[in-house]
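[1] return atomic coordinates for the entry below.
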Amino acid sequence: MEATQIEFNGNIWFWKGPAPWYFVTVPELLCRDLKAISGFVTYGWGMIPVQAQIGKTDWKTSLFPKDGRYLVPINAHVRKAENLAEGDAVMVRLEVR
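    Next up, the predicted model:
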């Protein structure tokens, strides 16, 4: 399978659960494309490993499936490097291999 590249805009939101975390939700149409290839790349629980980029910062992470969509986790390293906070609009680039 060739690498699939996805680019989209979204807002950072904060999940206040037992393990708080920041995310950007992948748009619904792109989630359909990801779901179509998920069987080839997932390593369990529907998680999809990706190389992600916001601004000049890139990192390896995995997309979380949730309610028919995928979430991109935005860790503290990325938020600090790009000076990001909850509610900020960002352009996310993903590469699925």
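[2] what number of residues lie near the closest residue to Leu30 other than its chain neighbours?
    In space, Leu30 comes closest to Ile6 once its chain neighbours are excluded; the distance is 5.5 Å by CB to CB, 6 or more residues apart in numbering. (Glycine included, C-beta is placed from N, CA and C.) Using other CB atoms under 10 Å, Ile6 has 20 other residues around it.
[3] residue numbering should commence at 625 henceforth.
    Sure, I'll start numbering at 625, so the last one becomes Ile630.
[4] who does the helix or strand where Ile630 lies pair up with?
    Element membership of Ile630, judged by DSSP states H and E, is strand 628-635. Using DSSP bridges, strand 628-635 pairs in its sheet with strand 713-720 (antiparallel).
[5] quick one: buried residues of the strand it pairs with?
    714, 716, 718-720 (16 or more other CB atoms under 10 Å).
[6] can I get those residues in CSV with pLDDT and distance to Lys690?
    CSV is the format used below for the buried residues of strand 713-720 (pLDDT from 0 to 100; distance: CB to CB, whole Å):
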residue, pLDDT, distance to Lys690
Val714, 98, 18
Val716, 98, 16
Leu718, 98, 16
Glu719, 97, 21
Val720, 94, 17
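[7] that older thread, which other helices and strands contact the helix or strand following the strand holding Ile630?
    Using DSSP H and E, the next helix or strand after strand 628-635 towards the C-terminus is strand 637-639. Judged by 3 or more CB pairs under 8 Å, 6 or more residues apart in numbering; DSSP states H and E, strand 637-639 is in contact with strand 645-649.
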